[in-house]
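**Q** With the sequence up front, the predicted model follows.
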Amino acid sequence: IKLNPIYMMKNPVMFVVEMGTIIVLLMMCMPNYFHAEGAFGYNLAVFVILLFTILFANFAEALAEGRGKAQADSLKKTKQETMAKVIQKDE
């Protein structure tokens, strides 16, 4: 779900990286269309680096989100109910 381009548009930097990855993949599949004959090794290296960048960024985001939720849950558990005493004024 997090690799969906529509979801990635929320983060413009990662969206550009994902679109670059797709373009390089297309360059590898159809080199004549992109005038990239003879550059398969280079395109493969760029594709792998961009793909690992996307996967690592999503993993890091998921890890940070999990830690944040765990911290919020632990803070909610430490919350104690406090009884309030009502002081009435005698008139």
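**A** Good, I have the coordinates. Just so it is clear, the structure is predicted and the values come from calculations on it, not from any experiment.

**Q** Longest helix in this structure, by number of residues?
**A** helix 40-78 (DSSP state H).

**Q** Return the distance of the most centrally placed residue in the chain relative to residue 76.
**A** Centroid check for the chain by CA atoms, centre = their mean gives residue 58 as the closest residue, at 3.6 Å. According to CB to CB, to the nearest Å, residue 58 and residue 76 sit 27 Å apart. Any C-beta I mention is one placed from the backbone N, CA and C, and that applies to glycine too.

**Q** How far off centre is the helix or strand bottoming out on mean pLDDT in the chain?
**A** One helix or strand of the chain scores below all others by mean pLDDT, DSSP states H and E: helix 5-8, with a mean of 74. Centre-to-centre, helix 5-8 and its host chain are 10 Å apart (CA atoms, centre = their mean, to the nearest Å).

**Q** in this structure, which ranges drop under the pLDDT threshold?
**A** 1-2, 80-82, 91 (pLDDT under 70).

**Q** The least confident helix or strand of the chain packs against which elements?
**A** helix 12-29 (3 or more CB pairs under 8 Å, 6 or more residues apart in numbering; DSSP states H and E).

**Q** any idea of the angle the helix it packs on forms with helix 40-78?
**A** 150 degrees (axes from the mean of the first three to the mean of the last three CA atoms, to 10 degrees).

**Q** following helix 12-29, which helix or strand shows up next?
**A** helix 31-34 (DSSP states H and E).

**Q** got the CA positions of that next one in CSV?
**A** Taking Å, rounded to 0.1, in the frame of the first residue of the first chain, the C-alpha atoms of helix 31-34 are listed here in CSV:
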residue,chain,number,x,y,z
PRO,A,31,16.2,0.3,-24.4
ASN,A,32,15.5,1.2,-28.1
TYR,A,33,12.7,3.5,-27.1
PHE,A,34,14.9,5.5,-24.8
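
**Q** What lies in contact with it?
**A** For helix 31-34, contacts defined as CB atoms under 8 Å, 6 or more residues apart in numbering pick out 26-27, 37-40, 43.

**Q** ok, so of the residues you listed, who is nearest residue 90?
**A** Using CB to CB, residue 26 comes nearest to residue 90 of the contacts of helix 31-34, at 83.2 Å.

**Q** I appreciate the help and will end here.
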